[in-house]
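>>> sequence and computational prediction follow.
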Amino acid sequence: YQRRVHGIALSETPTFFLLEKPDEQIAIDSEEAPTVEKRNASYRKLIQERESTKYAERGAQTFNNPSKNKESQINRPESNKQSVGVSSWEIYDTMRRLEEEDEEDPDNLDNVDKSHKEEESGGIDQVTNPIEMDDETMALLDAMGGGEEEDGGGEKSKTRRNTWMVSPALPHTLMIVERMIVQNIWQTEQFLYRNVLLSNNNGDDDPNKEPTDHNTRSFSPNVSNNETKSPTMMEEELNMNEDIEDGSMKVLWRYTCDMVMDKNVSCMAWNRNNVDILAVGYGEHGINNSATQQGMVACWSIKNPVSPERVFKIDHAGVSSLDFSHAHPSLLAVGHTDGALALYDVRKRGQAPILRSTVSGGQHTGTIWQVKWVLKGKDRGETLVSISADGRVTDWSIKKGLECTNLLRLKRVPNKLQGVTQLKGDALLSRQSGGMCVDFNPSERIIYVVGTEDGTIHKCSTSYNEQYLDTYAGHAGPVYRCRWSPFCSDIFLTCSADWTAKMWHQSKMDPVLSFQSLPDALHDVCWSPSISTIFGTVSSTGRIDIWDLTNPIEPKTWLELEGKSLNCLSFAESSPVLVVGDSSGSATVIKLEGADFEKPAGEGGTNEAQEERLLKYIRKNTQ
């Protein structure tokens with residue numbers, strides 16, 4: 001191998017003018033003044049003669065010179081590809097040589113020290129808290145800086161070290177480096193997330209290999225939820241999660257870190273513009289002592305599964321719901337357990353919200369169980385709707401701060417499944433019902449359904465705030481989630497604490513289908529964005545069920561995370577991936593493998609074809 005040194009010389013090209021327009025004015029006392037005056041007089045005389053009868057216009061026809069196209073052929077310019085490889089010691093030697101040149105130039109060090117002092121005295125990019133490093137790191141930096149062998153060498157090394165430590169570009173550079181390292185570690189999993197097929201080199205095609213039972217699979221971590229987990233133990237648990245596979249379900253990674261460890265994941269929301277960003281809310285439910293409670297919102301990215309991009313901390317309240325805006329993707333609405341509503345701009349790194357509700361402005365008095373940005377229609381913008389345990393469905397306006405208007409006050413109605421045939425007593429509290437969830441019809445934006453803590457589902461309209469359009473009494477416990485089908489505007493799903501998930505047609509008061517796998521409370525239900533007949537549920541005992549209407553008797557596939565209570569579920573829009581949040585502070589990313597979970601190509605993937613498929617299997621299973 002022969003090393004070559006290539007020299008590059010930079011020089012300035014000669015200046016050339018594209019347009020030069022001389023000045024049209026000269027001084028009266030200049031030497032050119034008589035000539036210009038004579039030329040102007042001749043021009044004025046010509047104008048006067050043109051206006052007289054002595055001047056006449058005549059036209060003449062001239063011939064155009066014939067043109068001829070000529071082509072020439074030249075040889076392709078020769079090109080040569082050059083590449084060079086460097087090693088770590090070559091980079092080190094180069095950096096050492098540059099540092100020695102800086103030491104030989106005292107003016108350069110004086111300028112660096114001067115700029116550092118200006119930043120300490122108060123500049124725009126002042127950094128008051130430099131990065132804290134241990135003794136071993138400090139010694140390594142001193143060794144790289146040349147140590148204290150020469151006079152003043154230690155002071156100069158310290159100056160250079162402090163200069164890059166307080167640089168405003170350092171956090172962004174560290175973030176890029178961290179992403180590069182993480183993507184190298186999780187490269188295979190991220191390819192699976194993107195639904196990129198990789199060659200199988202694990203020997204799974206061996207015909208002599210014994211078949212594996214993929215019908216059931218569970219996972220129990222080595223460390224209980226009550227024990228403190230070290231970073232090493234967390235990495236081992238994450239590696240174990242990556243090996244969990246259930247035929248059609250594979251755990252890719254978990255969004256977790258020390259900051260959110262042992263916190264309860266209460267809600268999740270995908271960004272509308274960047275589908276790789278997931279906002280996760282953390283907060284405990286049912287804690288009366290708000291002085292000790294602290295909620296948190298973390299914005300995770302697929303580019304870095306081990307560290308959140310943004311973190312917003314909420315004092316004296318937990319996070320119970322959140323949602324990203326359609327029109328302004330950086331705007332995040334967050335509902336608190338104390339009834340407050342706040343708006344955050346995820347582009348900013350500060351902790352303060354840009355808007356926050358107040359008690360005098362109509363703030364909720366109970367936990368906000370769901371917030372949702374609703375598109376009003378073409379050229380009509382969007383609105384923010386919240387539902388709370390105080391029984392109010394509220395519409396919020398952000399034009400002049402957070403101003404609210406009540407869409408509906410929920411009233412208690414008899415539920416035969418709970419053994420209540422009529423309401424007794426005239427007390428106001430006995431007539432009110434707490435709201436748990438809300439969802440708007442994808443076709444008619446004025447129609448929405450709400451789930452209550454009484455087990456009833458009400459169909460409502462924004463045009464009527466005093467009565468329900470219809471009431472569906474199909475659950476014997478609180479309704480935790482209701483979701484309209486993204487393909488058919490007549491079908492919606494609900495899940496409840498009575499262990500069941502039910503499918504409804506808005507024109508029928510009874511459920512068309514009911515689903516139950518185990519006697520566990522179902523905390524969330526979510527439709528697949530690609531296949532109209534597929535949806536998922538999560539339970540309080542850590543089980544994830546994926547249902548397909550082609551066989552509504554049992555789940556198509558399932559996965560169990562033992563020792564965890566799953567609180568929320570969400571499908572990714574860009575790939576057959578779902579994310580579940582649990583009570584230990586983790587958001588687990590799971591890949592659904594198989595052609596049954598991928599969006600069909602061609603006409604089979606259109607909304608019309610998917611709607612027809614959904615109605616077809618509903619009719620087949622209800623006959």
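Yep, that arrived. Computed from a predicted model, the values in this text were never measured in an experiment.
>>> mind listing the helices for this structure?
33-51, 88-104, 106-122, 135-144, 153-165, 170-185, 187-193, 231-242, 428-431, 607-622 (DSSP state H).
>>> for the stretch 251-400 of the chain, which residues score under the pLDDT cut-off?
Within the stretch 251-400 of the chain, the ranges that satisfy pLDDT under 70 run 285-292.
>>> one more time with 80, if that's ok
Low-confidence segments of the stretch 251-400 of the chain, defined by pLDDT under 80: 285-293, 377-380, 400.
>>> again with the stretch 451-600 of the chain
Using pLDDT under 80, nothing in the stretch 451-600 of the chain is flagged.
>>> quick one, strands of it?
456-461, 470-473, 479-484, 491-496, 501-505, 513-515, 522-527, 534-539, 543-548, 557-561, 566-571, 577-582, 587-592 (DSSP state E, counting those that start in this stretch).
>>> how about a markdown table for those, with distance to Ser360 added?
For the C-beta atoms, the positions are set from N, CA and C on the backbone; glycine is no exception. As requested, the strands of the stretch 451-600 of the chain are arranged in a markdown table below (distance: least, C-beta to C-beta, whole Å):
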| stretch | distance to Ser360 |
| --- | --- |
| strand 456-461 | 27 |
| strand 470-473 | 34 |
| strand 479-484 | 31 |
| strand 491-496 | 35 |
| strand 501-505 | 39 |
| strand 513-515 | 45 |
| strand 522-527 | 34 |
| strand 534-539 | 38 |
| strand 543-548 | 43 |
| strand 557-561 | 44 |
| strand 566-571 | 32 |
| strand 577-582 | 34 |
| strand 587-592 | 36 |
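>>> looking at the ones you listed, which is nearest to Gly401?
strand 456-461 (26.4 Å; C-beta to C-beta).
>>> which other residues reach the closest one?
393, 407-408, 410, 413, 415, 433, 446-452, 468-475, 479, 482, 494, 504, 506 (C-beta atoms under 8 Å, 6 or more residues apart in numbering).
>>> so what's the residue minimising distance to the centre of the chain closest to, chain neighbours aside?
The structure's the chain has its C-alpha centroid closest to Ile277; by C-alpha atoms, centre = their mean the separation is 2.1 Å. Leaving aside its chain neighbours, Ile277 sits nearest to Asn271 (4.0 Å; criterion: C-beta to C-beta, 6 or more residues apart in numbering).
>>> for that neighbour, give its distance to Leu384.
16 Å (C-beta to C-beta, to the nearest Å).
>>> what does Tyr282 give?
Following C-beta to C-beta, the distance that separates Tyr282 from Leu384 is 21 Å.
>>> before we move on, what about Val538?
Applying C-beta to C-beta to Val538 and Leu384 gives a distance of 26 Å.
>>> more crowded one of the two?
Val538 (28 against 21; other C-beta atoms under 10 Å).
>>> circling back: hang on, the residue nearest to Ile277 packs against Trp300?
No: counting by C-beta atoms under 8 Å, Asn271 stays clear of Trp300, with 10.4 Å between them.
>>> quick revisit: my guess is the residue nearest to the centre of the chain contacts Lys303. True?
No: counting by C-beta under 8 Å, Ile277 sits too far from Lys303 to count as a contact (9.4 Å).
>>> what's the closest of the strands of the stretch 451-600 of the chain to Lys399?
Closest to Lys399 of those, according to C-beta to C-beta: strand 456-461, at 23.6 Å.
>>> just want the angle from that closest one to strand 479-484.
For strand 456-461 against strand 479-484, the angle by axes from the mean of the first three to the mean of the last three C-alpha atoms, to 10 degrees is 40 degrees.
>>> so Trp484 bridges to which residues?
Phe492 (DSSP bridges).
>>> neighbours around it, how many?
Look at Trp484: counted by other C-beta under 10 Å, it has 22 neighbours.
>>> ok, now how distant is Thr383 from Leu331?
From Thr383 to Leu331 the distance is 13 Å (C-beta to C-beta).
>>> then Cys299?
Taking C-beta to C-beta, one finds Cys299 at 13 Å from Leu331.
>>> next: Leu402.
Going from Leu402 to Leu331 by C-beta to C-beta gives 12 Å.
>>> next, the contact list for His364, please.
339-341, 357, 386, 388-390, 392, 394.
>>> from those, which is closest to Val438?
Nearest member of the contacts of His364 to Val438, counting by C-beta to C-beta, is Ser386, at 8.1 Å.
>>> sorry, back to before: need the residues touching each of Cys299 and Leu331.
Val346.
>>> for the spatially closest residue to Gln363 that is not a sequence neighbour, give me phi and psi.
Nearest residue to Gln363, sequence neighbours excluded (C-beta to C-beta, 6+ apart): Ser357, at 4.4 Å. Here is the backbone geometry of Ser357 (degrees, to the nearest 10): phi -70, psi 160.
>>> surely Ser357 meets Cys404?
Yes: using C-beta under 8 Å, Ser357 is in contact with Cys404, at 7.4 Å.
>>> neighbour count: these two, which is higher?
Each of Ser357 and Cys404 has its neighbours counted (other C-beta under 10 Å); Ser357 has more, 25 against 18.
>>> could you list the low-pLDDT ranges of the stretch 101-250 of the chain?
101-168, 197-247.
>>> could you redo the last one with a cut-off of 90?
Where the stretch 101-250 of the chain drops to pLDDT under 90, the residues are 101-249.
>>> quick check: the gap between the spatially closest residue to Ile26 that is not a sequence neighbour and Ala298.
For Ile26, ignoring the flanking residues on the chain, the nearest one in space by C-beta to C-beta, 6+ apart is Glu32 at 5.6 Å. Distance of Glu32 to Ala298, computed by C-beta to C-beta: 76 Å.
>>> so for the two, which sits in the more crowded spot?
Each of Glu32 and Ala298 has its neighbours counted (other C-beta under 10 Å); Ala298 has more, 26 against 9.
>>> now do that one against Pro171, distance only.
On the measure of C-beta to C-beta, Ala298 and Pro171 end up 17 Å apart.
>>> ditto for Tyr480
Separation of Tyr480 from Pro171 (C-beta to C-beta) stands at 39 Å.
>>> out of those two, which sits in the busier spot?
Legend: neighbour count by other C-beta under 10 Å for Tyr480 and Pro171, higher for Tyr480 (24 against 12).
>>> list the contacts of that one.
Counting by C-beta under 8 Å, 6+ apart, Tyr480 has contacts 436-437, 451, 495-497, 521-524.
>>> which residues are in contact with the closest residue to Ala33 other than its chain neighbours?
Spatially, and ignoring its direct neighbours in sequence, Ala33 is nearest to Ile26 (6.3 Å; C-beta to C-beta, 6+ apart). By C-beta under 8 Å, 6+ apart, the contact list for Ile26 reads 32-33, 36.
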